[in-house]
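**Q** structure, please.
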Amino acid sequence: MVFQEKMANGIRILGDTMEKIRSCAIGVWIGTGSAFEEEGEGGASHFIEHMLFKGTKTRSAQDIAVEMDSIGGSINAFTSKECTCYYAKVLDEHVGQAVDILADIVQNSKLDPEDIKKEQGVICEEILMIQDSPEDLAHESIAGLYYEGDPLSKPILGTEQTVRSFNQESLHAYMKRQYVPERIVISAAGHFEKQYLIDLFNEKFQSVPHGQALEFKQNKAPGGRRFLPVERDIEQIHICMAMPGAPLDSLEQYALFILSNVLGGSMSSRLFQKIREERGLAYSIYSYPTCYRSTGSFSFYAGTGENQAVEVLKIMRSEVESVLKDGITQEEFKRSKEQLKGSYLLAQEGTSSHMNALGKTALLLNRVYNEQETIQRIESITQEDVERLIPTVLDINNTSTVCVGRVKKQEDELRSLLEIK
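**A** As a prediction, this is how the structure comes out:
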């Protein structure tokens, strides 16, 4: 049973006990990410995420690693466009130590100037790695193109220029503004004693200073047909298309996941079967929805040979037009709906996935759905719901496309196929 508590300083606590396992996953969720960064702060959320593992007032970076390894646990973090999460997974007997480490790094990081200088080099290399990975570059570029002009277009890593500009003072100022109780949710899933964990959180996080509450803006894509060729001297062309999607906490998001499973989200999907299995035109071909608090997108990706790019794009467009014209079959709907339900339930068996679901929805939506409620929402989706969504999502007039590779010599043909001048 999911429980919710609120600490005296405003931090929200959520947990779900899972009696038949021995592990516990704990996450400290901060309401900040690249979409909340102001001018000149690009990449600050991600940079701070790295820095918090570089040492605190009482623990060095090595101490943190050794202490976690000594109890057989793991600790890590990630930054997205709308949130940052620091998390640990340990055996139930080591929950107290895991919470102590998480509380320490979130509240007592030194942000040492020498460590900042070293990490600037590391993250600039990470930025260059994306430039050298055409698939990653395609996904990064499509987000920037589809949401151009909106905060969601900002890269999570920032730019080399902004990363090089960070210093101890600017990072402390950013944390003072963002790492406050009004923007923090702590979630836990697994085997633990409820009151013990609540008392532990209250003890370890009670001194977090107050700040401004989390405020969301309504994000929006500019719309229209958009095309970005990214020239790279590589053997493949990497194609990424983005269309309108659905926001979090909407029934449309479940209908969209079902539609994605039909089109490219599984091995039985139309695009996988036609492009990879029947024609052998690509090794990697898939679709995926991306859901944010107030908006979302629906993307297709294919990595294919230079001489096959136009043909692959034709098939992608053809399948989109086919679904627009004729919809999906009853068999496709039933199979894809069961696939969605099964993948959700299988994920919920893991403490980490369960903790993530609790923390993210509480932070971004200010509510939590239990397993039964989520299954009921999935079960409530009808084929008519999916059919009704199709014209809104598969909107050729609001499609952005990125091609990474040797694009120049066939750019005119690609633009013509996309009906872009």
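**Q** and the nearest residue to I156 once chain neighbours are set aside, how far from K154?
**A** What sits nearest to I156 in space, not counting adjacent residues and going by CB to CB, 6 or more residues apart in numbering, is S34, at 4.6 Å. C-beta: built from backbone N, CA, C; applies to glycine. Plainly put, S34 is 4 Å away from K154 if you go by CB to CB, to the nearest Å.
**Q** again, but for L394
**A** For L394 relative to K154 (CB to CB), the value is 27 Å.
**Q** and for Y147?
**A** Taken as CB to CB, the span from Y147 to K154 is 9 Å.
**Q** do L365 as well
**A** L365 is 22 Å from K154, by CB to CB.
**Q** of those two, who's got more company?
**A** Set L365 next to K154 and count neighbours by other CB atoms under 10 Å: K154 wins out with 22 against 13.
**Q** and that one, what is it in contact with?
**A** S34, A35, E37, G42, K81, G144 (CB atoms under 8 Å, 6 or more residues apart in numbering).
**Q** read off the pLDDT value for the second one.
**A** Reading off the per-residue confidence, A35 sits at a pLDDT of 96.
**Q** just give me the neighbour total for P244.
**A** Other residues close to P244 by other CB under 10 Å number 19.
**Q** show me the contacts for it.
**A** So P244 contacts A221, G296, S297, F298, T392, V393, D395, N398 (CB under 8 Å, 6+ apart).
**Q** center of the protein - which residue?
**A** S80 (5.4 Å; CA atoms, centre = their mean).
**Q** and stretch 151-164, which residues are buried?
**A** Buried positions in stretch 151-164, judged by neighbour count with 16 or more other CB atoms under 10 Å: P151, L152, S153, K154, P155, I156, L157, G158, T162, V163.
**Q** would you turn these into a markdown table with pLDDT?
**A** Shown next, in a markdown table, are the buried residues of stretch 151-164 (pLDDT from 0 to 100):
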| residue | pLDDT |
| --- | --- |
| P151 | 96 |
| L152 | 97 |
| S153 | 97 |
| K154 | 96 |
| P155 | 96 |
| I156 | 97 |
| L157 | 97 |
| G158 | 97 |
| T162 | 97 |
| V163 | 98 |
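**Q** which of those residues lies closest to V404?
**A** Of all the buried residues of stretch 151-164, the one sitting nearest V404 is P155; the distance, using CB to CB, is 15.2 Å.
**Q** part of a helix, is that closest one?
**A** No: counting by DSSP: H, G, I helix; E, B strand; the rest coil, P155 is not found in a helix; it is coil.
**Q** now A98: which helix or strand?
**A** Assigned by DSSP states H and E, A98 falls within helix 95-108.
**Q** let me know the average pLDDT across that helix.
**A** The average pLDDT for helix 95-108 rounds to 97.
**Q** for that helix, C-alpha coordinates in PDB please.
**A** Extracted in PDB, the C-alpha atoms of helix 95-108 (Å, rounded to 0.1, in the frame of the first residue of the first chain):
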ATOM      1  CA  VAL A  95      18.500   1.300   4.400                       C
ATOM      2  CA  GLY A  96      19.800   3.700   7.200                       C
ATOM      3  CA  GLN A  97      23.200   4.000   5.700                       C
ATOM      4  CA  ALA A  98      21.900   4.600   2.200                       C
ATOM      5  CA  VAL A  99      19.600   7.400   3.400                       C
ATOM      6  CA  ASP A 100      22.500   8.900   5.300                       C
ATOM      7  CA  ILE A 101      24.700   9.000   2.200                       C
ATOM      8  CA  LEU A 102      21.900  10.400   0.000                       C
ATOM      9  CA  ALA A 103      21.200  13.100   2.600                       C
ATOM     10  CA  ASP A 104      24.800  14.000   2.900                       C
ATOM     11  CA  ILE A 105      25.500  14.400  -0.800                       C
ATOM     12  CA  VAL A 106      22.300  16.400  -1.400                       C
ATOM     13  CA  GLN A 107      22.900  18.800   1.500                       C
ATOM     14  CA  ASN A 108      26.700  18.900   2.200                       C
END
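**Q** what lies in contact with whatever helix or strand comes next after it?
**A** Downstream of helix 95-108, the next assigned helix or strand under DSSP H and E is helix 113-132. By CB under 8 Å, 6+ apart, the residues outside helix 113-132 that reach it are 43, 46-47, 50-51, 54-55, 61, 136-137, 140, 155, 157-160, 163-164, 166-168, 171.
**Q** confirm that A213 sits in a strand.
**A** No: residue state for A213 (three-state DSSP) corresponds to coil; a strand is not indicated.
**Q** number of residues surrounding it?
**A** The burial count for A213: 11, using other CB under 10 Å.
**Q** just to revisit the earlier point, and the residue nearest to the centre of the chain, what does it touch?
**A** The contact partners of S80, taken as CB under 8 Å, 6+ apart, are G33, S34, I156.
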